[in-house]
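Visitor: Return atomic coordinates for the entry below.
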Amino acid sequence: MVEKDKFHVLNYVKKEEYTGSMDGMRYMLRKKVEGEETKLEVTIWPEPFGYAATPEKKKQRMEFGFHEEGLEEAVDWMNAQYEGQKALWDVVK
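Guide: Residues are numbered from 1 along each chain as shown. Sure, this is the predicted structure:
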């Protein structure tokens, strides 16, 4: 599980994509600008491959507000997806 109180990556994401993994689930957070609106896009996919080598059909995306509350919502979503799709992440173990 990603712990909200230890996951302070928003300043990093302002400039670069942030990637990580958690027991079979990989994730990427990036800033997405649409017109005048800035969003936090989160993408998750199963290991073992990186983002570029993983087919699009295996990736799941969600957008959140680009602020601390949005980051907390993103962490909640990632954790819920991890728990709800455990069999998908366990395949690589």
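Visitor: Not counting sequence-adjacent ones, nearest residue to Glu68?
Guide: Among residues not flanking Glu68 along the chain, Leu10 sits closest, at 6.5 Å (CB to CB, 6 or more residues apart in numbering). Yep, even glycine has a C-beta here, placed from its N, CA and C like the rest.
Visitor: no, scratch that, I was asking about Glu3
Guide: Val75 (8.0 Å).
Visitor: Could you count how many residues lie near that neighbour?
Guide: 22 (other CB atoms under 10 Å).
Visitor: got the CA positions of the helix or strand where it lies in PDB?
Guide: Element membership of Val75 [criterion: DSSP states H and E] is helix 68-84. The C-alpha trace of helix 68-84 is given here as PDB (Å, rounded to 0.1, in the frame of the first residue of the first chain):
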ATOM      1  CA  GLU A  68      -2.500  18.000  -2.300                       C
ATOM      2  CA  GLU A  69      -6.100  16.800  -2.000                       C
ATOM      3  CA  GLY A  70      -6.000  15.400  -5.500                       C
ATOM      4  CA  LEU A  71      -2.800  13.600  -4.600                       C
ATOM      5  CA  GLU A  72      -4.500  12.000  -1.600                       C
ATOM      6  CA  GLU A  73      -7.400  11.000  -3.800                       C
ATOM      7  CA  ALA A  74      -4.900   9.500  -6.300                       C
ATOM      8  CA  VAL A  75      -3.300   7.400  -3.500                       C
ATOM      9  CA  ASP A  76      -6.700   6.200  -2.300                       C
ATOM     10  CA  TRP A  77      -7.500   5.200  -5.900                       C
ATOM     11  CA  MET A  78      -4.200   3.400  -6.400                       C
ATOM     12  CA  ASN A  79      -4.600   1.500  -3.100                       C
ATOM     13  CA  ALA A  80      -8.200   0.600  -4.000                       C
ATOM     14  CA  GLN A  81      -7.100  -0.700  -7.400                       C
ATOM     15  CA  TYR A  82      -4.300  -2.700  -5.800                       C
ATOM     16  CA  GLU A  83      -6.700  -4.400  -3.300                       C
ATOM     17  CA  GLY A  84      -9.500  -4.800  -5.800                       C
END
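Visitor: Pull the residues that contact it.
Guide: For helix 68-84, contacts defined as CB atoms under 8 Å, 6 or more residues apart in numbering pick out 1-4, 7, 9-10, 22-23, 25, 27, 29, 39-40, 42, 44, 60, 62, 64-65, 89.
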